[in-house]
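> Need coordinates for the following:
(2 chains)
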Number of protein chains: 2
Amino acid sequence: MTLPTKRIAESTVRRLSMYLRYLEGLDAMGQRTASSDELAQLCGTTPAQVRKDLSFFGSFGKRGLGYPVHELTEHLQEILGLRQAWQVVIVGAGKIGSALAEYRGFKQRGFQVVGVYDKNPDKIGRPWGDAVVRDMSTLPDDVTEHHVDIAVLAIPADDAQDVVDQMVAAGIRAILSFAPTSLHVPAHVAVKTVNMAMELEGLSYALTNRGA
Amino acid sequence: MTLPTKRIAESTVRRLSMYLRYLEGLDAMGQRTASSDELAQLCGTTPAQVRKDLSFFGSFGKRGLGYPVHELTEHLQEILGLRQAWQVVIVGAGKIGSALAEYRGFKQRGFQVVGVYDKNPDKIGRPWGDAVVRDMSTLPDDVTEHHVDIAVLAIPADDAQDVVDQMVAAGIRAILSFAPTSLHVPAHVAVKTVNMAMELEGLSYALTNRGA
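Residues are numbered from 1 along each chain as shown, chains lettered A, B, ... in the order given. The predicted model follows:
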């Protein structure tokens, strides 16, 4: 098995996540092999795309035999960095953070929420799942001290860049942002943005321009 | 002003949303013109990209003068289908749906939540913002009767395709899904998927493969 030597496109990484989701299901059901046709159908893509995506990682499937489900599952988990624990903080003790923390697959996949932060005095100190909401002002020190890897940012756009700058200085390496603004970070920090308004606007664009 | 004649890539539509967000801010502050340099910096892209994206819609900026902020704002709103009202239902009365409904920019942009649905008897009939949670079994009839355009799907993966099939049969035209599964819909239905686990996996991939 080969580790990829060149950088893989974000769209490929997303499909690998999707393949993994279904492979885990097949593995749990005891299925030994899966064809590229089967994976393509489950994931809504083409067999050629599946073969191309998986070819990045060396020679896997045997023609006519399909991919070994268990082996491929473990390998994809490894590639995606899911066979280790990640320390996650949630910044903003609102509904989005709460929805994330309750998400079943979250802990299973090694994402450990080690702290929840807010600047609202009414929220600080209140219980929040298994944790207690902490004061935002302690966030940078905590990031450094607990070697936090990933921050989930669920605060208003106006505050976002400031908080990001503090976390970056404190050593954060990845950010998943729900703040509806673009963030500026150094090249070594990975950022993903989920912008609900933008997703909806993509739909209204499609509705408007696709005709009736 | 020209309407685009060919289909625009999703990534372009996302940037148009982003430009619009900043242009609305500039417009509200009374700024008359904006250069591609300024827009690029605000949105984290390049001036060449800004010029290319906006060139789809005919000749806008005048070299050396920049883009007319107010005119461009209105035009982007029109292109993105934001100068009309969209009827939205939220399927799944959980935290994600609740976070969306409370999102400030949601109503402003013409997305009107006309119903919230759940199949949990404990939730049906309970107040939910300005609305009352309705029984999922009434969803298809409501979609048809109220000409619902967009459904926000925030239910578990196992139930998702079933509910989608019912809504499609009832006439839904666009779906924003938070269910961690791929959905199969006819070509005339637009789908966007927000998968929080997948976003996090994209980050763990980056953390794993970017080196320390």
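> Please enumerate the helices of chain A.
For chain A, helices defined by DSSP state H occupy the ranges A:10-28, A:36-43, A:47-55, A:69-79, A:95-102, A:104-108, A:139-145, A:157-170, A:196-209.
> Chain A - how does it break down into domains?
Domain ranges of chain A: A:10-79, A:86-198, per automatic domain parsing.
> Would you mind putting those domains into a markdown table with distance to chain B and mean pLDDT alongside?
Any C-beta I mention is one placed from the backbone N, CA and C, and that applies to glycine too. Converted to a markdown table, the domains of chain A look like this (distance: least, CB to the nearest CB, whole Å; pLDDT from 0 to 100):
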| stretch | distance to chain B | mean pLDDT |
| --- | --- | --- |
| domain A:10-79 | 4 | 87 |
| domain A:86-198 | 4 | 89 |
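> Residue A:81 is in contact with residue A:16, correct?
No - Residue A:16 is beyond contact range of residue A:81, at 11.1 Å (criterion: CB atoms under 8 Å).
> joint contacts of the two?
Contact with both residue A:16 and residue A:81 is made by residues residue B:205, according to CB atoms under 8 Å, 6 or more residues apart in numbering or on different chains.
> circling back: looking at the helices of chain A, which is nearest to residue B:209?
Nearest of the helices of chain A to residue B:209, taken as CB to CB: helix A:69-79 at 7.8 Å.
> check contacts around the residue most central in space within chain A.
For chain A, residue A:176 is the residue whose C-alpha lies nearest the centre (CA atoms, centre = their mean; 7.5 Å). Contact analysis of residue A:176 by CB under 8 Å, 6+ apart lists A:150, A:151, A:152, A:153, A:191, A:192, A:193, A:194, B:196, B:199, B:200, B:203.
> Pick out whichever of those residues sits closest to residue A:49.
Using CB to CB, residue B:199 is the member of the contacts of residue A:176 that lies nearest residue A:49, at 20.7 Å.
> Show the pLDDT at the closest one.
pLDDT for residue B:199: 87.
> check contacts around the closest residue to residue A:44 other than its chain neighbours.
The spatial neighbour of residue A:44 that comes closest, neighbours along the chain excluded (CB to CB, 6 or more residues apart in numbering or on different chains), is residue B:182 at 4.2 Å. Residue B:182 makes contacts with A:18, A:42, A:43, A:44, B:193, as judged by CB under 8 Å, 6+ apart.
> Please tell me I have it right and residue A:40 contacts residue A:50.
Yes - using CB under 8 Å as the test, residue A:40 is close enough to residue A:50 to be in contact (4.9 Å).
> Any idea how many residues pack against the closest residue to residue A:134 other than its chain neighbours?
Nearest residue to residue A:134 in three dimensions, chain neighbours excluded: residue A:117, at 5.2 Å (CB to CB, 6+ apart). Look at residue A:117: counted by other CB atoms under 10 Å in any protein chain shown, it has 25 neighbours.
> who touches residue A:117 in this structure?
Contacts for residue A:117 (CB under 8 Å, 6+ apart) come out as A:89, A:90, A:91, A:92, A:93, A:133, A:134, A:135, A:136, A:138, A:139.
> Out of those residues, which sit inside strands?
Mapping the contacts of residue A:117 onto strands (DSSP state E) picks out A:89, A:90, A:91, A:133, A:134, A:135.
> need the residues you listed in TSV with neighbour count, can you?
Converted to TSV, the ones in strands among the contacts of residue A:117 look like this (neighbours: other CB atoms under 10 Å in any protein chain shown):
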residue	neighbour count
A:89	23
A:90	27
A:91	28
A:133	22
A:134	19
A:135	15
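> Spatially, which two of those residues are the most separated?
Top of the distance list for the ones in strands among the contacts of residue A:117 (CB to CB): A:90 and A:135, 14.0 Å.
> just to revisit the earlier point, residue A:40 and residue A:50 - which one has more neighbours?
residue A:50 (24 against 17).
> So what's the residue count around the residue lying closest to that one once chain neighbours are set aside?
Spatial nearest neighbour of residue A:50, excluding adjacent residues (CB to CB, 6+ apart): residue A:36 at 4.2 Å. By other CB under 10 Å, the residues close to residue A:36 number 22.
> how near is residue A:36 to residue A:11?
Applying CB to CB, to the nearest Å, the value for residue A:36 to residue A:11 is 18 Å.
> One more: residue A:67?
Residue A:67 is 20 Å from residue A:11, by CB to CB.
> what do you get for residue A:54?
Residue A:54 sits 14 Å away from residue A:11, going by CB to CB.
> Those two: who's more crowded?
Taking other CB under 10 Å, residue A:54 and residue A:11 do not tie; residue A:54 has more neighbours (22 against 9).
> I figured that one hits residue A:72, correct?
Yes - between residue A:54 and residue A:72 there is a contact at 7.5 Å, judged by CB under 8 Å.
> Of all the strand elements in chain A, which one is longest?
If you go by DSSP E, chain A has its longest strand at strand A:111-118.
> can you state the direction angle for it and helix B:196-209?
Strand A:111-118 runs at 110 degrees relative to helix B:196-209, counting by axes from the mean of the first three to the mean of the last three CA atoms, to 10 degrees.
> Alpha carbons of stretch A:115-135, as PDB, please.
The C-alpha trace of stretch A:115-135 is given here as PDB (Å, rounded to 0.1, in the frame of the first residue of the first chain):
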ATOM      1  CA  GLY A 115     -13.700  22.700  25.600                       C
ATOM      2  CA  VAL A 116     -16.600  25.000  24.700                       C
ATOM      3  CA  TYR A 117     -16.100  28.800  24.900                       C
ATOM      4  CA  ASP A 118     -18.300  31.800  24.900                       C
ATOM      5  CA  LYS A 119     -18.000  35.500  25.700                       C
ATOM      6  CA  ASN A 120     -21.500  35.900  27.000                       C
ATOM      7  CA  PRO A 121     -21.400  36.100  30.900                       C
ATOM      8  CA  ASP A 122     -24.800  34.400  31.000                       C
ATOM      9  CA  LYS A 123     -23.400  31.300  29.300                       C
ATOM     10  CA  ILE A 124     -20.000  31.100  31.000                       C
ATOM     11  CA  GLY A 125     -19.900  28.500  33.700                       C
ATOM     12  CA  ARG A 126     -23.200  26.800  32.600                       C
ATOM     13  CA  PRO A 127     -23.200  23.100  31.900                       C
ATOM     14  CA  TRP A 128     -23.000  22.100  28.200                       C
ATOM     15  CA  GLY A 129     -23.200  18.400  27.500                       C
ATOM     16  CA  ASP A 130     -20.500  16.800  29.600                       C
ATOM     17  CA  ALA A 131     -18.600  20.100  29.800                       C
ATOM     18  CA  VAL A 132     -18.900  23.600  31.200                       C
ATOM     19  CA  VAL A 133     -18.900  26.700  29.100                       C
ATOM     20  CA  ARG A 134     -15.600  28.500  29.600                       C
ATOM     21  CA  ASP A 135     -14.700  32.200  29.200                       C
END
